[in-house]
Every structure is written in structure tokens, then in C-alpha cells.
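> my questions are about this predicted structure, shown below with the sequence.
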Amino acid sequence: MVDPESSFELLVRVRTGDSDALSRLLQRYLPALTRWARGRLPHWARDVSDTQDLVQDTVIQVMKHLNEFRPERPGALQAYLRQALMNRIRDELRRAARSPVPTELPEALEASAPSPLEQAIGREKLEHYEAALQELSEADREAIIGRVELGQSYEELAGILDKPSPDAARMAVHRAMRRLVENMKRPA
């Protein structure tokens, strides 16, 4: 379970140079960020690094600037890391679009396969989902991303969303999902 208060305490210790606290923060956030990032960077935009490398590199860069980060609410560090990762993915997409690697392709080669997430919901639907998600409040986005994309339990979400109980977190996710569905019903 992610305990936002102890994450804050770890963050304070990291700022004093405690490498054990940094290691514990990385252990806490890397798996969930890797799950979240999987499938978001298409295969054609990758170079020799994979999703895990991209996540680790992003988190290491963020950790270098932790003294500048000011957590204002529970779950702020997770949201900050996820936003940094999303920015990195966008940078990778722009980089790949600017300088594609010239290669000779055999004529019998089929188009590259879509990512697992694209296979599950389709590229167009993924873009529609992302756009509808951005229209939600920050709290609704956190609830949906935490539950659906990161697979967090309602108990974990209660702490992150500052809810009094897992049932309150479940209701917050349910309401956020309804708003997301309404946003997705509108034409893209």
C-alpha cells in the first residue's frame, strides 16, 4: 500500500541526501509508472530503450530536481512523476517524427504491430480517451488513472485522493468514470 504520508517523509529525507530514502521512493513508484507507461510509446518511436528504461531515466531526471518540488496534497509526487513521464513520451514521439531512422524494408514485411494498449482499445479510441480524460478535474483524473491504469486498490486510492475510507474512494472513482463516459460520448 502506498502511504502518502510516508512518501512525504521519504521525500524530506531524500532532500537531506538519504540514499536509502531515494531507493525506497524508486521502489514505490517505478512499478506503477512502468505499468502506466506500457503501450503509450508506439514501437516505431522507440530506439534501443524499452519502456522500463524510459521510466527509469525519467524518474532519475526528476529525482535530480526534487529540491524544487513542493508537494501540496497526497499523491502529488505520483502525479508529478506521471506528468514528467508523459512529457518524456511526448518528447520521444517528437524526436522520432523529426528524425526517422532510414532503413530498407523487405517487401513482404507487414506494418508494425500496434502496442498492447492500442490492440485493446484501438489507437483512435485511445486518443479519444486521453482527450476526454484531460477534460476532467485533476481529482477525477487521479481517481481514474490510479484505479484503471495503475491498478491501485481502493485502500491505496483513499490515501492518495484524501478520502476517509476505501468505500469513499470507490464512489469517487465511480463518479469520475461516469463523467469520463459522458465526455467520451461527445464527438472527438
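In hand now; what should we look at?
> F69 touches Q78, doesn't it?
No: between F69 and Q78 there is no contact under C-beta atoms under 8 Å: 11.8 Å. C-beta: built from backbone N, CA, C; applies to glycine.
> pLDDT on stretch 170-187, on average?
In this model, stretch 170-187 carries a mean pLDDT of 91.
> where do the helices of this structure begin and end?
4-15, 19-37, 51-63, 76-98, 116-121, 123-134, 138-144, 154-160, 166-185 (DSSP state H).
> ok, and what's touching the first one?
Under the contact criterion C-beta atoms under 8 Å, 6 or more residues apart in numbering, helix 4-15 has outside partners 20-22, 24-25, 28, 63, 66-67, 69, 71, 74-75, 77-78, 159-160.
> hang on, the earlier thing: can I get the helices of the chain in JSON lines with mean neighbour count?
Listed next are the helices of the chain as JSON lines, based on neighbours: other C-beta atoms under 10 Å:
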{"stretch": "helix 4-15", "mean neighbour count": "16"}
{"stretch": "helix 19-37", "mean neighbour count": "16"}
{"stretch": "helix 51-63", "mean neighbour count": "17"}
{"stretch": "helix 76-98", "mean neighbour count": "16"}
{"stretch": "helix 116-121", "mean neighbour count": "13"}
{"stretch": "helix 123-134", "mean neighbour count": "14"}
{"stretch": "helix 138-144", "mean neighbour count": "20"}
{"stretch": "helix 154-160", "mean neighbour count": "20"}
{"stretch": "helix 166-185", "mean neighbour count": "16"}
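> check L41 and give its pLDDT.
pLDDT, read off for L41, is 66.
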